[in-house]
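>>> got a predicted structure plus its sequence, pasted below:
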Amino acid sequence: MKATQLYAPTLRESPAEAELVSHKLMFRAGLIRKAAGGLYSYLPLGWRTMKKIMQIIREEMDAKGGQEIMMPIVQPAEMWKESGRWAVYGDEMMRLKDRHGREFALGPTHEEMVTTLIRDEVRSYKQLPLMLYQIQNKYRDEIRPRFGLMRSREFVMKDLYSFDRDVDGMNISYQKMYDAYSRIFTRCGLKFRAVEADNGAIGGGHSHEFTVLAPSGESSIAYCEQCNFAASDEKAELKIIQAAPEELRPLEKVSTPKCHTIELVKNFLNVPIEKTIKAVAFMDDEERLILAFVRGDHEVNEIKVMNAVEGANHLYMAGDKLIEDAGGAAGFMSPIGLNDKAIIVVDQSVMLMSNAVAGANEIDAHFINVTPRRDFDTQKIIVADIRMVQAGDPCPHCGAPLSMTRGIEVGQVFTLGKKYSEALHATFLDEDGSTKNFEMGCYGIGVGRTMAAAIEQNNDKDGIIWTRAIAPFEVVVVPVNAKDENQLSCAKKIHADLMAAGVDVLLDDRKERAGVKFKDCDLIGYPLRVTVSPKTLDSGNVEIKIRRSGEFLNFARGEYVEKILKLLETL
RNA sequence: CGGGUUGUGGCUCAGUUUGGUAGAGCACCGUGUUCGGGACGCGGGGGUCGCAGGUUCAAAUCCUGUCAACCCGACCA
């Protein structure tokens, strides 16, 4: 490929709207262009990288027995109504009608489609396990698309669905995908962690998110440096923190004027924050009041609260009225003395506290010397792990202090169990002649997000630094002056030699000044640059520059192809 | 949906407060010099100032409405 024929418009400045480095660089380097909010065109360089990532995904999916198919993007409403998700999915699903008024959706995911696809034809356990996947555009009408390809309304996703005869089989499929994902992101040159994730309403199964480590990422994860534990901040289980035994003092009410935050109470009463108990008031869809109590220095984890309270699907902040109805006072709450209108959830570590400070359920008053296991009505409260993990909390596996970091979720693996096979009546006959529902799993990778994450993790002030495996071109050959016939013909020769050796190589034959071309090379981030100049023509050497290290190397003309091939192995 | 900000050539922005004949840099076209880290000179092309309405002799500028984008909060690959 020649640069004079390549559509790769580079920009000296980044558009004002781009916030993340990866977003700016994708714009500047001519990888993508925006059509509208959350909708992007991929230009040749961007699409080359996308195709390389997709190829890696295909190889790893196929290696585990996956078979590639292609399902429609436009999906009839009926199957979504059958599974119940037509109503559940809400505004995030892009919906449309055809000329006859029939309803359709642009697929946000394909569980319904793939399940109805196979249910009439896969009838026997002998046809299992089955793993089908596709790489295709997905549509989600995000409330707020942002960060370029990180959160867009149309995006390229690989989605694989597994069908097994039993839970053991499903777990094997799950493990295969887990391994494949680890290989895929490793091959893409990403630093990532597979973290335990919450799988919400589905329940029962497991889920891991593959999170690329990056400070700009939207998700937060906790991980252990001692063992291999890693979990999303929402999921991370916590051990009970043992407190040193103390002599118990009698419960006492004290006046705490205007101390409606834990900070004010702590200062007013001059007690350490970890000896205080704070409350967060939620309500659910049915306007039931849910009061969550954690230690003053902890944060409430809404997901864990939802999981702890039966029937709670969404949580909202509760108004003062609900709190007063339950006998509480906003800013001065505790489980002591509330009526039955409140659902009380207490964090497990609160139950081990003694002589603590908590609200008195009346304005400007707190209790001191609260000892929950003595002073709470343990019949009425739910005790659970409901707090957010914090750096330094003990690892649930080995007890070492956990570290926290941020990241970009590029993939997720899920066991679905029978959720969809039951809803859509997808069954097969097992060996013993009994009819059974498939045990399913689903496994997604955001391809564009993977590209963005790779850039987010690999760049410097000059531009992108591609890993060889997903670089749009592995090598660029630059004659410093393309108007010089000797330089140009030498560059063409090198370009041809490298192509013949199977290298993905670009010839920058533009009649631009050397500086302009060098800047573009750095911006686009080709792993290796071969420079042809009067200097190299005289010496008979081939000059290489490594993008990542900035290092210059000189190879003799006779052996440079082998040397470059070898060098590429390390990039 | 709530809060904040912005819409002026392809890109980055000035001009808006105080109405008076649309500007700069980059990019683009022609030309000459230059040529290993985003060169310079000369000459050019390109904007109904987001859109609609209003006020005025006169609107990028003032008023009303509307649309879009971006950033901060609840979702997700």
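Received, thanks.

>>> who are the packing partners of the helix or strand of chain A with the lowest mean pLDDT?
Least confident helix or strand of chain A, by mean pLDDT, DSSP states H and E, is strand A:316-317 with a mean of 76. With contacts taken as 3 or more C-beta pairs under 8 Å, 6 or more residues apart in numbering; DSSP states H and E, strand A:316-317 sits against strand A:277-283. Every residue, glycine included, has its C-beta placed from N, CA and C.

>>> note down every partner strand of the strand it packs on and its orientation.
Paired strands of strand A:277-283, with direction, are strand A:289-295 (antiparallel), strand A:316-317 (antiparallel) (DSSP bridges).

>>> if we can go back for a sec, past the least confident helix or strand of chain A, which element shows up next along the chain?
helix A:320-325 (DSSP states H and E).

>>> now do that next one: which elements does it pack against?
strand A:277-283, strand A:289-295.

>>> for RNA strand B, which of those is the nearest?
RNA strand B lies closest, by C-beta to the nearest atom of the strand, to one member of these: strand A:277-283, at 11.8 Å.

>>> so what's the residue lying closest to A:Pro272 once chain neighbours are set aside up against?
Among residues not flanking A:Pro272 along the chain, A:Lys266 sits closest, at 7.4 Å (C-beta to C-beta, 6 or more residues apart in numbering). By C-beta atoms under 8 Å, 6 or more residues apart in numbering, A:Lys266 lies in contact with A:272-273, A:276, A:296, A:357.

>>> and the closest residue to RNA strand B within the stretch 351-500 of chain A, what pLDDT?
Using C-beta to the nearest atom of the strand, the single residue of the stretch 351-500 of chain A nearest to RNA strand B is A:Gly446, 2.7 Å away. You'll see A:Gly446 listed with a pLDDT of 96.

>>> OK, contacts around it?
By C-beta under 8 Å, 6+ apart, the neighbours of A:Gly446 are A:155-157, A:409-411.

>>> same thing with A:Ala342?
Contacts of A:Ala342 (C-beta under 8 Å, 6+ apart): A:289-291, A:326-328.

>>> what score does it have for pLDDT?
A:Ala342 is given a pLDDT of 85.

>>> so A:His298 belongs to a strand, correct?
No - using DSSP: H, G, I helix; E, B strand; the rest coil, the secondary structure at A:His298 is coil, not a strand.

>>> count the neighbours of it for me.
23 (other C-beta atoms under 10 Å).

>>> check what pLDDT the closest residue to it other than its chain neighbours gets.
Leaving out its chain neighbours, the residue that sits closest to A:His298 by C-beta to C-beta, 6+ apart is A:Arg387, at 4.3 Å. We have a pLDDT of 88 for A:Arg387.

>>> what sits opposite A:Arg387 in the beta ladder?
A:Val300.

>>> RNA strand B contacts on the stretch 301-450 of chain A?
Contact residues, the stretch 301-450 of chain A versus RNA strand B (C-beta under 7 Å from any atom of the strand): A:409-412, A:444-446, A:448-449.

>>> by contact count, what packs against the helix or strand hosting A:Ala105?
Counting by DSSP H and E, the secondary-structure element that holds A:Ala105 is strand A:103-106. Helices and strands touching strand A:103-106, by 3+ C-beta pairs under 8 Å, 6+ apart, are strand A:74-76, helix A:77-83, strand A:94-97.

>>> contacts for the first one?
It stands for strand A:74-76. A:96, A:102-107, A:110, A:112-113.

>>> between these, which is closest to RNA strand B?
Out of the contacts of strand A:74-76, the member with the shortest distance to RNA strand B (by C-beta to the nearest atom of the strand) is A:His110, at 11.5 Å.

>>> which ones are touching that closest one?
Taking C-beta under 8 Å, 6+ apart as the definition, contacts of A:His110 comprise A:71, A:75, A:134, A:159, A:161.

>>> report pLDDT for the one residue sitting closest to the centre of chain A.
In chain A, the centroid-proximal residue (C-alpha atoms, centre = their mean) is A:Glu409; its distance is 1.3 Å. Confidence at A:Glu409, expressed as pLDDT, is 93.

>>> surely it is in a helix?
No - per three-state DSSP, A:Glu409 lies outside any helix segment and is strand.

>>> for it, what are its contacts?
Per C-beta under 8 Å, 6+ apart, neighbours of A:Glu409: A:209-212, A:217-219, A:446, A:449.

>>> in three-state terms, label the residue lying farthest from the centre of chain A for me.
The centre of chain A is farthest from one residue, A:Asp538, which by C-alpha atoms, centre = their mean lies 52.0 Å away. What three-state DSSP gives for A:Asp538 is helix.

>>> quick one: name the residues of the stretch 451-571 of chain A near RNA strand B.
Close to RNA strand B, as judged by C-beta under 7 Å from any atom of the strand, the stretch 451-571 of chain A has residues A:462, A:480-481, A:483, A:513-516, A:518-523, A:531, A:533-536, A:543, A:545, A:552.

>>> how much space between the closest residue to A:Gly65 other than its chain neighbours and RNA strand B?
Of all residues not flanking A:Gly65 in the chain, A:Met131 sits nearest, at 5.5 Å (C-beta to C-beta, 6+ apart). In this view, A:Met131 and RNA strand B are 17 Å apart by C-beta to the nearest atom of the strand, to the nearest Å.

>>> same question for A:Leu251.
Distance from A:Leu251 to RNA strand B, by C-beta to the nearest atom of the strand: 35 Å.

>>> now A:Gly37
For A:Gly37, the distance to RNA strand B - C-beta to the nearest atom of the strand - is 3 Å.

>>> can you tell me the closest non-neighbouring residue to that residue?
The nearest residue in space to A:Gly37 (C-beta to C-beta, 6+ apart) is A:Pro145, at 5.2 Å.

>>> related to what we said a few turns ago, of all the helices and strands packed on helix A:320-325, which lies closest to A:Lys239?
In terms of C-beta to C-beta, the element of the helices and strands packed on helix A:320-325 nearest to A:Lys239 is strand A:289-295, at 14.0 Å.

>>> now the helix or strand just after the closest one: average pLDDT?
Sequence order places helix A:302-308 as the next helix or strand after strand A:289-295, per DSSP H and E. For helix A:302-308, the mean pLDDT works out to 84.

>>> now what about helix A:302-308, what contacts it?
A:198, A:200, A:234-235, A:282, A:290, A:292, A:312-315, A:345, A:382, A:384-387.

>>> roughly how far apart are A:Ala36 and A:Ser152?
Distance from A:Ala36 to A:Ser152, counting by C-beta to C-beta, to the nearest Å: 10 Å.

>>> in TSV: the helices and strands packed on strand A:103-106, plus distance to RNA strand B, mean pLDDT and mean neighbour count.
Shown next, in TSV, are those (distance: least, C-beta to the nearest atom of the strand, whole Å; pLDDT from 0 to 100; neighbours: other C-beta atoms under 10 Å):
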stretch	distance to RNA strand B	mean pLDDT	mean neighbour count
strand A:74-76	17	95	16
helix A:77-83	15	93	17
strand A:94-97	12	89	13
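
>>> now render those as CSV, adding distance to A:Ser173.
Listed next are the helices and strands packed on strand A:103-106 as CSV, based on distance: least, C-beta to C-beta, whole Å:
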stretch, distance to A:Ser173
strand A:74-76, 24
helix A:77-83, 21
strand A:94-97, 30
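
>>> tell me the contacts of A:Val156?
Contacts of A:Val156 (C-beta under 8 Å, 6+ apart): A:50, A:54, A:135-138, A:446-448.

>>> actually, A:Ala556.
A:540-542.

>>> quick one: which of those is nearest to RNA strand B?
A:Asn541 (9.2 Å).
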